[in-house]
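# Next come a sequence and a model predicted from it.
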Amino acid sequence: MIKYIGSKRRLVDDIVRIFAAFPHVRSVGDLFSGTSRVGLAAKRAGFRVVANDHNAYAHTLAVCHVEADAEDVGEPARRELRRLSELPPTPGPFTRTYCEEARFFHPTNGARIEAIRNAIEAADHPRPLRQVLLAALVEAADRVDSTCGVQMAYLKSWAPRALRPLELRVPELAPRPAHGPCTALELDAEEAVRHMDVDVLYVDPPYNQHSYLANYHVWETLVRWDEPEVYGKARKRADCKVRKSPFNRKDTCRKALARVIEGARAEVIVLSFNDEGFLSRDEIEALLRPRGPLAVLVREGPRYIGARIGIYDPRGRKVGTPGRLRNREFLYVSCTSRRLADATDLPFA
C-alpha cells in the first residue's frame with residue numbers, strides 16, 4: 001500500500017481485535033478509509049465492510065482493497081497488468097507537470113505512468129476491475145516516487161527508488177467475506193455515516209490542519225485524469241484551495257466530529273485519534289461518554305518521518321529542529337448499550 005500519513009499499520013491488529021471482541025459484530029463501517037488498510041484487514045477477518053472517503057484516489061483504493069473480491073478480479077487484473085506493463089512510454093502533460101516542472105518522479109517513469117494511465121482511460125473496463133488497475137498504478141508510482149511520503153514537496157536529489165523502473169503488481173485483494181459483499185462509498189463523512197447500517201463504525205478523521213488532498217494531490221490527479229490548473233513548486237491542484245474539510249480547522253473540527261457521532265447508527269464506535277490533533281483526550285471523551293460505556297487503548301510510537309528529518313530552507317540548509325519524536329495514539333471504544341461488558345479479549349492494558 002502507498003506511504004501515508006496517519007496510516008494505521010502499527011495499530012491495525014489491535015483495531016481488528018477490537019472489532020472481533022464483540023460477538024455480535026458482523027459488519028464494519030470505515031468512515032475515513034484513506035489507503036483502506038483497516039478495511040482490508042477487517043474484510044480478511046471475515047467482516048462485511050462499508051468503506052468511505054471523499055477523495056477520488058482513496059475511493060479508488062477502497063474499491064480495490066475492500067469492494068473487489070479476489071476470486072472475481074484477481075486473474076483478469078493480472079492479465080491486464082501484464083499487457084499494460086509492455087506499453088511504450090508516452091510523455092505528455094502529466095510527465096511535464098510532475099516530472100519536469102516538479103520532480104515527483106523521474107521522467108522515464110513518468111512517461112510510463114502516463115502511457116499506462118491513458119490506456120486504462122481508453123479501455124472499457126467494468127467496475128471494480130478499472131479501480132483495481134488504477135490502484136495498481138498508484139501503488140507502482142508510489143514505489144518509485146522521490147518524496148518523504150507526502151506531495152507537499154519533493155527531494156532535491158532523486159531518491160534511489162526513483163531511478164528504479166516502474167513495476168506493476170496486482171494489489172492486495174481479499175476474498176468475499178462470509179458475512180456478505182463489501183461496498184465503497186465516495187461521500188462527505190457526515191452524509192456517509194447516515195448510509196452506514198453497520199454493527200461497528202470505525203472513525204479515523206484528520207487530526208489537524210494538514211489536508212489529505214493537498215498531501216496526496218498527485219494521486220488525485222492520476223485517478224481523476226483531469227489535467228487540473230496547478231500552482232506552486234509542488235504543482236498542487238487548484239482545488240486544494242477550495243476543497244476544505246471542517247476536520248482540518250480547529251474552530252470547526254469538534255462540531256464536525258460531534259455531528260458524525262450523533263449521526264452514527266452503529267452500536268459500537270471505534271475512534272482513532274492522536275495527541276498531535278486539535279482535540280484533546282478529554283474533549284473526545286466528553287463527546288463519546290453520553291453514548292454509554294467507554295474504554296481507551298493508548299499506544300506510543302515514532303512520529304512521521306518528515307517530522308524527524310528536520311527543518312530546511314529552500315537552499316537545503318538546516319534551519320530548525322523538530323520537536324518531540326514520538327506521539328501517542330488513542331483508540332476510543334464507545335458503546336450505546338452494555339455491549340462493552342460483553343466484549344472478550346479487548347487489547348487494553
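Yep, it's here.
# any idea how far E300 is from V38?
Distance check for E300 against V38: by Cβ to Cβ, to the nearest Å, it reads 20 Å. The C-beta positions use only the backbone N, C-alpha and C, and glycine is treated the same way.
# I meant F19, not that one.
Taking Cβ to Cβ, one finds F19 at 9 Å from V38.
# so what sits against both of these two?
Residues touching both F19 and V38 (Cβ atoms under 8 Å, 6 or more residues apart in numbering): Y202.
# Neighbour count for those two, which is higher?
More crowded of F19 and V38, by other Cβ atoms under 10 Å: V38, with 29 against 24.
# Please identify the helix or strand for the more buried one.
helix 37-44 (DSSP states H and E).
# For F104, see how far away P93 is.
14 Å.
# ok, now V66?
27 Å.
# So which of those two has more stuff around it?
V66 (27 against 24).
# measure the more buried one to A192 for me?
In terms of Cβ to Cβ, V66 sits 14 Å off from A192.
# Okay, and P206 sits in which element?
Using DSSP H and E, no helix or strand contains P206.
# Break the protein down into its domains, please.
1-55+175-205+249-349, 70-173+210-244 (automatic domain parsing).
# If you average pLDDT over each of these, which is lowest?
For the domains of the chain, mean pLDDT drops lowest on domain 1-55+175-205+249-349, to a mean of 88.
# ok now it, how far from the chain's centre?
Distance of domain 1-55+175-205+249-349 from its chain centroid, counting by Cα atoms, centre = their mean, to the nearest Å, is 11 Å.
# can you check stretch 149-158 too?
19 Å.
# What segments of the stretch 151-300 of the chain are strands?
Ranges of strands in the stretch 151-300 of the chain, per DSSP state E, counting those that start in this stretch, are 183-185, 200-203, 230-231, 236-237, 268-274, 294-302.
# so what strands line up beside the fifth one?
Based on DSSP bridges, the strands next to strand 268-274 in the sheet, each with its direction, are strand 200-203 (parallel), strand 326-335 (antiparallel).
# Turn those strands into a markdown table, including distance to L61 and mean neighbour count.
Listed next are the strands paired with strand 268-274 as a markdown table, based on distance: least, Cβ to Cβ, whole Å; neighbours: other Cβ atoms under 10 Å:
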| stretch | distance to L61 | mean neighbour count |
| --- | --- | --- |
| strand 200-203 | 16 | 26 |
| strand 326-335 | 21 | 19 |
